[in-house]
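S.K.: Here you go, sequence then predicted model.
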Number of protein chains: 2
Amino acid sequence: MSSFRYAMLTLLAREPLSGYDIKQQMNSRMGPFWKAGSNQIYPELAKMEEAGLVALHEIEHNEYRPARKVYRITESGKEELIRWTMEPTEPETIKDEFLLKAYNSWLIDFEKMIPRLEEKKKEHEGKLAIYVDKVNELNRIVDPSNPRDPIASSISVVEFGIEYEKLYIQWCDHFIEKLKNNG
Amino acid sequence: MSSFRYAMLTLLAREPLSGYDIKQQMNSRMGPFWKAGSNQIYPELAKMEEAGLVALHEIEHNEYRPARKVYRITESGKEELIRWTMEPTEPETIKDEFLLKAYNSWLIDFEKMIPRLEEKKKEHEGKLAIYVDKVNELNRIVDPSNPRDPIASSISVVEFGIEYEKLYIQWCDHFIEKLKNNG
DNA sequence: ATTGACATGTAAGTCGTTACATGATTCG
DNA sequence: CGAATCATGTAACGACTTACATGTCAAT
């Protein structure tokens, strides 16, 4: 089973959602950790329903809009998600296109490379700000007395994001300095 | 054109290589930044030759082994690589399966989650050690008087890897502590 | 005797992306 | 008046993975 399916189960384990909700959460709440388009979500939801991992929770009707088909995770879906979560995970490659370009920086005039690094730096500063806001908000709503609060898990993952963005920003700075000293 | 093609050009811009060499370098020298199997490399090399981005450099014959077909980058391939390298790069998602599992940790008994984190930590400690060795070796062979030495670019990318692994290790530690305090 | 390194590739299948298709409502 | 949001989905294509296929030498 593809990990995309587990990403969907991950969201549905917390609350019932429609395909549209899943899309929104992946592209905002889950932030840039995971992404998806409708093309993948709706067929996958149908397959998951067939496999008994999710079930129709309710259908919200609206006069002018298509009906919202809200799904919930089933017991067997939850078991499958837990089984997968406890499984060891294969090492992953970073596979960042910009790093590949950095690997080619020796081919490029430094004056032309530096604006790209400044650009990237700004992009990651933007993400950092978003994550910091998010973690602050999560800290406000988390229940510290409940060791099983899903929000606590969310916080840990967003904290990873924060550290990652900081590292990226520092690396850009470091790289820019190097290029300036060599040019 | 897929970024995989540019990954191949990136390596060929430094020295002529066979398909087999490319595979080796992607899975070792380029470390876990990019990966590839023979299935992707050989057909792609053929297409790149057809497009005039690379050309046969020489064919090394051996009695018992298949002939080594060594390719070099062409002028037009180099121009294309430079053009791509200077182009702005789209933001990327992190898409780390283990982070997705961490997002589900609220579902799991802490005693069962901690060994997974210890495991991951060890994995990244291993990668860190490899990168540190690599950067030390690169620093030994880099030519500091040449601002266009490709090795200098390699060093910057490996340095990113080092910081990334350190961050991952720290995050694992941090997460383990949190789980212990809640269990 | 078996595994691993060398060296090329093919075939089949799944995963993922971009674009398309529909249609009313609200906001600027 | 145009764009964005809500809400579902399909079609076509390209990327990527897993497994297959072949064959010799060197090392354990």
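M.R.: Done, it's in.
S.K.: Mind telling me which residue of chain A is nearest DNA strand C?
M.R.: Closest approach between chain A and DNA strand C, counting by Cβ to the nearest atom of the strand: residue A:39, at 3.1 Å. Every C-beta, even on glycine, is put in place using the N, C-alpha and C of the backbone.
S.K.: after the helix or strand that residue falls within, next one along is what?
M.R.: Using DSSP states H and E, residue A:39 sits within helix A:38-50. Heading C-terminal from helix A:38-50, the first helix or strand you meet, by DSSP H and E, is strand A:54-60.
S.K.: packing partners for whichever helix or strand comes after that next one?
M.R.: Using DSSP H and E, the helix or strand that follows strand A:54-60 in sequence is strand A:68-73. Applying 3 or more Cβ pairs under 8 Å, 6 or more residues apart in numbering or on different chains; DSSP states H and E, one finds that strand A:68-73 contacts helix A:3-12, strand A:17-18, helix A:19-27, strand A:54-60.
S.K.: Let me have these in TSV, extended by mean neighbour count, mean pLDDT and distance to DNA strand C.
M.R.: As requested, the helices and strands packed on strand A:68-73 are exported to TSV (neighbours: other Cβ atoms under 10 Å in any protein chain shown; pLDDT from 0 to 100; distance: least, Cβ to the nearest atom of the strand, whole Å):
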stretch	mean neighbour count	mean pLDDT	distance to DNA strand C
helix A:3-12	22	96	4
strand A:17-18	20	97	13
helix A:19-27	19	93	10
strand A:54-60	14	95	14
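S.K.: could the ones you listed go into JSON lines alongside distance to residue B:136?
M.R.: Putting these into JSON lines (distance: least, Cβ to Cβ, whole Å) gives the following:
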{"stretch": "helix A:3-12", "distance to residue B:136": "35"}
{"stretch": "strand A:17-18", "distance to residue B:136": "49"}
{"stretch": "helix A:19-27", "distance to residue B:136": "40"}
{"stretch": "strand A:54-60", "distance to residue B:136": "51"}
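S.K.: So which residue is dead centre in chain A?
M.R.: residue A:33 (2.3 Å; Cα atoms, centre = their mean).
S.K.: Excluding covalently adjacent residues, which one is nearest to the closest residue to DNA strand D within chain A?
M.R.: Per Cβ to the nearest atom of the strand, residue A:20 is where chain A lies closest to DNA strand D, at 2.7 Å. Distance criterion Cβ to Cβ, 6 or more residues apart in numbering or on different chains; nearest residue to residue A:20, sequence neighbours excluded, is residue A:68 at 7.1 Å.
S.K.: repeat for residue A:13
M.R.: Per Cβ to Cβ, 6+ apart, closest to residue A:13 is residue A:73, 5.3 Å.
S.K.: got the contact list for the one you found?
M.R.: Shown in contact with residue A:73 (Cβ atoms under 8 Å, 6 or more residues apart in numbering or on different chains): A:9, A:12, A:13, A:16, A:53, A:54, A:81.
S.K.: now with 6 Å?
M.R.: Residues near residue A:73 by Cβ atoms under 6 Å, 6 or more residues apart in numbering or on different chains: A:12, A:13, A:54.
S.K.: With respect to residue B:171, which of those residues is nearest?
M.R.: Distances from residue B:171 to the contacts of residue A:73, taken as Cβ to Cβ, are shortest for residue A:13 (22.2 Å).
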